[in-house]
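> sharing a model that was predicted from the sequence below.
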Amino acid sequence: MLYWSPSGWNDSVCITYLQTQVGITNYFCIGNYPEQGIRRLRHLLRKRPFLAARPFLADVIQVDESVKSLALHINRARMALLPYEKKNRAVVPPEVAIRELHRLSTSLYILQQYFLEVQAVVSFLQESYLKYSEVFKTNKTLAENNSIERSEEAEVPSTDEQAQALQFLFRRCSTYSRWVESYKSRSNIQINLVINRIHPLDTCADCA
């Protein structure tokens, strides 16, 4: 399985190649796998080695860290927008306000495209995981060839947990996309208000 996904704002993409066979899974991550994701993987596997048997673990962590990185920019966009929505917005020179709001609107558009791409990656992973699960359930020899010790085998998480994790990531991307769309609309409203302040006479003529 080969796919690519964004790794964050203005970061290069992460290309992931997954090769699996009975009892063995190999990952080849080319490019910008999130550093925080690498630290999370190392910490998890040192603390709970049996998690290495969890399918699509590296994929879920990579997407989760990418979403976290992008979510920070939503908050920054919100903080940049709020001053214009307050009553003291008139203190900002109109030309400066127009320039900053256009920059903010452009950033929000790009941010929304990032989330849509990540959501498409999650959807791909869900489909791939479903196929993987079907093979896993029908292959009775996988458990016999599993290298995990019997004492730890009972602790191996159910494959349903990964399906739930992917579903959660998909919904979170969808929610963040709606937030970005809302901020885009609000920034456009502020742009129109500033334009109306610059050209009040034209606005009155249009209304008439």
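Happy to help now that I have it.

> next structured bit after the helix or strand bottoming out on mean pLDDT in the chain?
Every helix and strand of the chain was ranked by mean pLDDT, DSSP states H and E. The lowest is helix 150-153, at a mean of 42. For helix 150-153, the succeeding helix or strand toward the C-terminus, using DSSP states H and E, is helix 159-198.

> flag every buried residue along that next one.
Going by neighbour count (16 or more other CB atoms under 10 Å), the buried part of helix 159-198 is 159, 162-163, 165-166, 169-170, 172-173, 176-177, 179-180, 183-184, 186-187, 190-191, 194-195. Where C-beta positions appear, they are placed from N, C-alpha and C, glycine not excepted.

> average pLDDT for that helix?
The pLDDT scores in helix 159-198 average 88.

> so what does it touch, helix or strand wise?
Using 3 or more CB pairs under 8 Å, 6 or more residues apart in numbering; DSSP states H and E as the contact test, the elements touching helix 159-198 are helix 57-85, helix 94-138.

> contact partners of stretch 74-82?
Applying CB atoms under 8 Å, 6 or more residues apart in numbering, the external contacts of stretch 74-82 come out as 100, 104, 107-108, 111, 176, 179-180, 183, 186-187, 190.

> and residue 56, how many neighbours?
Other residues within reach of residue 56, judged by other CB atoms under 10 Å, total 24.

> that one: what's it in contact with?
125, 128-129, 132, 162, 166.

> nearest to residue 45, of these?
Proximity of the contacts of residue 56 to residue 45, judged by CB to CB, is greatest for residue 162, which lies at 15.8 Å.
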